[in-house]
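Undergrad: show me how the following folds:
(2 chains)
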Amino acid sequence: MVNQAQTADGCLVLFGTAGRPCPGDNKGAPELSAGLRIFEGSLGEWSRIEALDSLELAGAGHGSVRAGKRITRVPETAADQGRYRGAIKECRRVQERAASRGWRLVFLLEFPFSFSYSAQTRRHLDRIARDLEGLELAAAFFNAEWYSSRVIDALKMRQIAFCMMDTPACPAMPPRIDVVTARSVYIKLYGRNIKAWESGCLGSLFNYDYSTAELASWLPRIEALSGQAEEVRVIFANTRHGRAEENANRMAALWHARQNNHV
Amino acid sequence: MRGRTTMCSGTILHVNAVGLMADLEVARERSLARRPFVIAREDVPRAVIQDLSPAAYREGVRRGMLAGYAQKLVPGLVIRPPRFELYREADERLWALGMEFTPLVERAGRGHLFIDLAGTSRLFGAPEDAAGRLRRRIVEDLGIYPSLALASSKTVSKVATRVFRPSGFAVLMPHEETRLIRLQPVELLPGIGPVLKERLTLLDIENIGELADLKPSEAEALGPRGTELTARAAGLDNSSVNSELPEKRSIRSAVTLEPDTSDLEVLRVHLRRLTAEAGFQMRKDNMGARAVRLDLVYTDGKEQSASETLKQVLVRDAELMQCVWKLVQRLACRRVRFRRVGVVFSRLSPAGPELDLFEPKESKSIRLQGALDRVHDKYGFAALAPGALFAAGIGTEPFAAQTPGRALGYGDAGW
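TA: Down below sits the predicted model:
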């Protein structure tokens, strides 16, 4: 079994996992399929870089890194500004290193709920887009205020992928939408542990096991998205107890079965 | 489903196939997918762009622009001739696909549908699943990717498809609806055209939320529909999905002038023709209009509309034309030539005979209108036309050829 497949339209669909601290820390999780392991050899090397929170593993030659808080928070002091500039430089170095090895990286900018829609945050987002120009970017907004046509149009203009998120249906969460703003589509599944999300219990936030029906409900959406993009990355962030890996493998299997049935 | 079972989305689905013509061309010729191309007639000297690809839009090309000008703007721009029969069939198929899910399907112009999925969950699952399934059917059958949005009202679902266009998919829970539409630019709200948008800009109203927050007295100052618009902006819309055929709801007729003209007499002749043709269609169903709208497109691409809602039902050509001409006088104040003109008769009501104790004074004109309609019905519309048309050099057959997309009930063809 592989975790990536090409659709009839030529779109590459990749299934991966997010935020694993180190390769040996499986804690009894099921083994990853071959394609999911590609970055493990260099994981330590990446994790030393302060600009990045974590790696998102998604198949041979394709991966992504989640930009750290130094980038996704608005710098308020001079020291913050210095850290921000340093983080941007590190991102560029990471990109150069990945490019020299023939890897295609996407930088995920994951903006927290506190990153609300204001003139200041808009300016900051624009600054990030300019500073990281030339890099492939994806933006995930936890604050629903960013779900507006102006933002969508601006992301399209800058070729930044609007990250689609699978989260519990809490009132504070953004709506469920599918939209393609760049040549890549980024989907991140955080788990639907509604109690943890409502209580803010960080320990069990990502402790969720997707049912097969829940995973299958994504397949037609991925199919529709793959018709409009060159690449779709589906990343599981429900990392507790190795569920992300198991869910990614299961979804890849469902996807392959669906594609084979269509053929 | 775990987790999501606590909340349900609305049941009104809006399908918005914006750029339907261009999408259908791409579906049939994949090589066009990333190229700038437009759809326009090549056999007329001043061909107007009817539809365009997203790549052409990014290059600054717009609908209504002259194809020749667009070619100068974008060297290498591909021009495809319109295939109206293909687009009409696709529109029919889109409607038929919606009808597979529920009979409550409203046609809201070409490529636009409102579908009420209430009560279909036993057959097709939750509304969001049914919407997903419909989306897949559309892709499989037509090869196009329209925007779909599920909400609890027509207004909200329409705003959502405009936000996540051209191929988005949005499922809104009731608590998400107001929050989402409040943040959107005010021009995305249905009913806000360029004129009202300008007025709102002067009032410093940019978002739908700011419009929703207006006091009733302030809303009235916006115009006769101000109160209704503020209610819509607040997400309040009780209108139900109207599955009646659009030709029963409105009748429209439009023509692209060849060449553009600023002569009001030429415009009057064209309008007489459009009014007569649309009026004939209306009377065939024994209907009359309570609302008349005039649409004008100028040479510079600017569009203007004016409408009049009446207490009485207008049936005869003469009274319809009188109303249309009143609208022309209200609108035509720009010193720019007209490129396209159209009339829309709506709020159709049964046009029964006027019950009067004495013979009405306009009985002669009523009899004349009846006689004209009988001739048109028997020998076709080209058989009998007002002499003014021939005097102006506008025959009846060429006229019909100029308006291939004007088929009645064909929605918003270009409007």
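Undergrad: what about residue B:140, neighbour count?
TA: Neighbourhood size, residue B:140 [other C-beta atoms under 10 Å in any protein chain shown]: 11. The way it works is simple: take the backbone N, C-alpha and C, and place the C-beta from them, glycine included.
Undergrad: can you tell me the element it falls in?
TA: Taking DSSP states H and E as the criterion, residue B:140 maps to helix B:127-142.
Undergrad: quick one: list the elements packing against that helix.
TA: Applying 3 or more C-beta pairs under 8 Å, 6 or more residues apart in numbering or on different chains; DSSP states H and E, we find helix B:127-142 packed against helix A:212-226, strand B:12-16, helix B:84-99, helix B:121-124, strand B:147-151, strand B:169-171.
Undergrad: out of these, which gets nearest to residue B:114?
TA: Proximity to residue B:114 (C-beta to C-beta) singles out strand B:12-16 among the helices and strands packed on helix B:127-142, at 5.6 Å.
Undergrad: the closest one near chain A at all?
TA: No: Strand B:12-16 does not reach chain A (C-beta under 8 Å from any C-beta of the partner chain); its nearest approach is 12.9 Å.
Undergrad: tell me the strands beside that strand, with direction?
TA: strand B:112-116 (antiparallel), strand B:147-151 (antiparallel) (DSSP bridges).
Undergrad: single out the most deeply packed of these.
TA: strand B:147-151 (a mean of 28; mean count of other C-beta atoms under 10 Å in any protein chain shown).
Undergrad: after that one, next one along is what?
TA: Sequence order places helix B:154-163 as the next helix or strand after strand B:147-151, per DSSP H and E.
Undergrad: roughly how far is that following helix from the heart of the chain?
TA: 16 Å (C-alpha atoms, centre = their mean, to the nearest Å).
Undergrad: what of stretch B:326-344?
TA: 18 Å.
Undergrad: ok, stretch A:213-227 next?
TA: So, by C-alpha atoms, centre = their mean, the centroid of stretch A:213-227 is 16 Å from its chain's centroid.
Undergrad: got a list of what residue B:341 touches?
TA: Residue B:341 sits next to B:254-255, B:257, B:267, B:270-271, B:274, B:294-297 when contact means C-beta atoms under 8 Å, 6 or more residues apart in numbering or on different chains.
Undergrad: kindly present the residues you listed as CSV, with separate columns for pLDDT and neighbour count.
TA: Shown next, in CSV, are the contacts of residue B:341 (pLDDT from 0 to 100; neighbours: other C-beta atoms under 10 Å in any protein chain shown):
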residue, pLDDT, neighbour count
B:254, 88, 21
B:255, 87, 20
B:257, 84, 20
B:267, 87, 18
B:270, 88, 23
B:271, 90, 23
B:274, 89, 25
B:294, 91, 24
B:295, 90, 21
B:296, 89, 21
B:297, 88, 24
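Undergrad: ok, and which of those residues reach chain A?
TA: Filtering the contacts of residue B:341 for proximity to chain A (criterion: C-beta under 8 Å from any C-beta) leaves nothing.
Undergrad: before we move on, back to that, the helices and strands packed on helix B:127-142: which one's closest to residue B:22?
TA: Closest among these, using C-beta to C-beta: helix B:84-99, at 10.3 Å.
Undergrad: check which helices and strands that closest one is in contact with.
TA: Judged by 3+ C-beta pairs under 8 Å, 6+ apart, the packing partners of helix B:84-99 are helix B:20-28, strand B:105-107, strand B:112-116, helix B:127-142.
Undergrad: dump the ones you listed to CSV, plus mean pLDDT.
TA: Shown next, in CSV, are the helices and strands packed on helix B:84-99 (pLDDT from 0 to 100):
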stretch, mean pLDDT
helix B:20-28, 90
strand B:105-107, 91
strand B:112-116, 94
helix B:127-142, 90
